[in-house]
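**Student:** have a look at this prediction, sequence included:
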Amino acid sequence: MADLLARLARRIRREGPLSIAAFMAIALHDPDCGYYARHDPLGTAGDFITAPEISQVFGELIGLWCADLWHHIGEPHPVILAELGPGSGALLEDFLRAAATLPEFRRALDLYLVEASPVLRARQQQRLGSLGAHFALSVDALPPGPLLLVANEFLDALPIRQLVRGQVDWAERLVALDEGHRLVFADGPEHPALSLLVPPALRAHPSGTLVEICPAAAALAAALGARLATEPGAALFVDYGYFPSAPGPTLAALSRHAAAGVLADPGGADLSAHVDFAAFAAAAGAAGAVVHGPVAQGRFLAALGAEARLASLSAGASEAQRALLESGLERLIDPARMGNLFRVLAVTSPGLPVPAGFD
């Protein structure tokens with residue numbers, strides 16, 4: 001957006017180059033011109049589509065997965081059910097439809113939607129408001145008590161930093177202005193302290209190596225890990241990413257379902273980066289929780305009975321409906337599409353059995 005671009009340029013001229021994390025935070029969440037402040041990004045009319053919009057089976061199986069965890073933590077009543085970045089509300093709507101087959105579980109749920117976007121909050125309120133859902137701006141705002149937390153394509157939108165191996169130490173890649181007053185990437189000075197931010201296994205890579213880190217994801221993992229170490233519950237994260245930690249740039253922009261320039265239109269395109277599941281798992285585990293996975297999304301959904309649920313839905317469907325149901329689930333589990341690109345990781349309280357789908 002032109003206004004946000006001008007404001008960014010003025011700030012850089014005044015204060016110097018921005019970290020990529022600062023640029024992402026402004027471009028995505030500026031209250032006046034940020035992407036999530038002004039856009040409804042989901043669906044064919046938006047910029048991307050997520051698994052809950054592709055197949056209802058996705059949310060239904062996650063609902064039953066959480067019901068199983070609820071049983072293993074002693075069936076507390078109430079139990080907080082929180083979704084991070086609920087998007088259109090489709091996942092939770094499908095989740096609750098499955099939960100309705102287990103009346104005691106459904107009655108125990110105290111619903112919380114953690115959402116920063118006012119545009120998406122309005123959409124969620126319209127879809128889920130009658131269910132008594134509460135809104136929260138962060139995980140820290142959730143009340144204490146037993147917790148079941150779900151996050152689909154949430155971690156990839158958290159701000160990242162990029163570090164580049166120099167001749168001696170590491171430097172940070174920044175957002176600066178060129179002579180034509182255009183936003184460009186530029187490397188800051190090398191500094192020994194930056195090496196400490198790089199995962200240990202990657203520190204010895206040669207000059208020119210780029211590594212992405214996500215302090216916000218690590219902080220979230222540590223906070224959840226500490227909570228689940230002392231209060232019963234589990235958290236389930238589904239996202240595209242990699243395991244183990246690996247070098248290489250993944251930061252990308254998306255507009256109208258097509259790739260766009262990361263710096264070309266701040267506030268006008270979605271920004272995201274692949275999730276380093278190894279770093280996230282390490283932070284959660286160090287805080288006292290138990291981590292399971294990650295496993296491929298296709299394998300996870302298949303283990304939870306995706307094909308059986310598809311057969312049940314298809315039994316009473318028309319030919320056109322069956323074709324839609326089959327194509328949607330195939331998109332989610334096919335290794336060549338979303339089945340391997342997306343991964344699933346669970347964080348649980350100590351002492352619980354291995355959750356379904358992670359055997």
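**Tutor:** Nice, thanks for sending it over. Numbering: from 1, shown residues only.
**Student:** for the stretch 1-150 of the chain, what spans make up the helices?
**Tutor:** 2-15, 20-29, 35-38, 51-54, 56-72, 90-99, 103-108, 118-128 (DSSP state H, counting those that start in this stretch).
**Student:** who's in contact with L210?
**Tutor:** Q162, L163, V164, R165, R173, P247, G248, P249 (Cβ atoms under 8 Å, 6 or more residues apart in numbering). All C-beta spots, glycine's among them, are computed from the backbone N, C-alpha and C.
**Student:** of the helices of the stretch 1-150 of the chain, which is nearest L183?
**Tutor:** Of all these, helix 2-15 sits nearest to L183, with 6.8 Å by Cβ to Cβ.
**Student:** before we move on, back to that, can you pick the most crowded of the contacts of L210?
**Tutor:** Within the contacts of L210, L163 tops the neighbour count with 25 neighbours, counted by other Cβ atoms under 10 Å.
**Student:** so what's it bridging to?
**Tutor:** E172, V211 (DSSP bridges).
**Student:** got the contact list for it?
**Tutor:** W170, A171, E172, R173, L194, L197, V198, L210, V211, E212, I213.
**Student:** selecting buried members of the residues you listed in ChimeraX, what would you type?
**Tutor:** A single ChimeraX command selects the buried members of the contacts of L163 (16 or more other Cβ atoms under 10 Å):
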select :170,171,172,173,194,198,210,211,212,213
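**Student:** closest to L325 out of the contacts of L163?
**Tutor:** Nearest member of the contacts of L163 to L325, counting by Cβ to Cβ, is E212, at 36.7 Å.
**Student:** pull the CA atoms of the strand ranked longest in the chain into PDB?
**Tutor:** Scanning the chain for the strand with the most residues, using DSSP state E, yields strand 233-242. What follows is strand 233-242, C-alpha atoms only, in PDB (Å, rounded to 0.1, in the frame of the first residue of the first chain):
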ATOM      1  CA  GLY A 233      -3.400 -30.400  28.100                       C
ATOM      2  CA  ALA A 234      -2.000 -30.500  24.600                       C
ATOM      3  CA  ALA A 235      -1.300 -28.200  21.600                       C
ATOM      4  CA  LEU A 236      -1.500 -29.300  18.000                       C
ATOM      5  CA  PHE A 237       0.300 -27.300  15.200                       C
ATOM      6  CA  VAL A 238      -0.200 -27.900  11.500                       C
ATOM      7  CA  ASP A 239       2.000 -25.900   9.100                       C
ATOM      8  CA  TYR A 240       4.400 -26.100   6.200                       C
ATOM      9  CA  GLY A 241       8.000 -26.300   7.300                       C
ATOM     10  CA  TYR A 242      11.100 -28.400   7.700                       C
END
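**Student:** just the buried residues of the next helix or strand after that strand, please?
**Tutor:** Where DSSP states H and E defines the elements, the next helix or strand beyond strand 233-242 is strand 252-255. Neighbour-count burial for strand 252-255, with 16+ other Cβ under 10 Å as criterion, is recorded at A252, A253, L254, S255.
**Student:** for strand 252-255, packing partners?
**Tutor:** Judged by 3 or more Cβ pairs under 8 Å, 6 or more residues apart in numbering; DSSP states H and E, strand 252-255 is in contact with strand 258-260, strand 270-272.
**Student:** returning to that earlier point: which one of the buried residues of strand 252-255 is nearest to A108?
**Tutor:** Once Cβ to Cβ is applied, the member of the buried residues of strand 252-255 that ends up nearest A108 is L254, at 37.6 Å.
**Student:** still on that earlier bit, between the contacts of L210, which is nearest G16?
**Tutor:** Among those, and counting by Cβ to Cβ, the member closest to G16 is R173, at 14.1 Å.
**Student:** hmm, R337 is touching R331, no?
**Tutor:** Yes: with contacts counted by Cβ atoms under 8 Å, R337 reaches R331, the gap being 5.3 Å.
**Student:** ok, the spatially closest residue to E212 that is not a sequence neighbour - contacts?
**Tutor:** Leaving aside its chain neighbours, E212 sits nearest to I160 (4.9 Å; criterion: Cβ to Cβ, 6 or more residues apart in numbering). Neighbouring residues of I160 by Cβ under 8 Å, 6+ apart: I20, A21, M24, E212, I213, C214, L251, A273.
**Student:** check L84 too.
**Tutor:** Counting by Cβ under 8 Å, 6+ apart, L84 has contacts V114, V139, L149, V150, A151, F154.
**Student:** got the buried residues for stretch 10-20?
**Tutor:** I12, P17, L18, S19, I20.
**Student:** for A258, see how far away the second one is.
**Tutor:** Here the distance between P17 and A258 works out to 28 Å (Cβ to Cβ, to the nearest Å).
**Student:** same question for the last one.
**Tutor:** Summarising the geometry, the distance separating I20 from A258, computed by Cβ to Cβ, is 22 Å.
**Student:** repeat that for the fourth one.
**Tutor:** The gap separating S19 from A258 is 27 Å, by Cβ to Cβ.
**Student:** also P143?
**Tutor:** From P143 to A258 the distance is 41 Å (Cβ to Cβ).
**Student:** just the buried ones among the contacts of L84, please.
**Tutor:** Counted by 16+ other Cβ under 10 Å, these give V114, V139, L149, V150, A151, F154 as buried.
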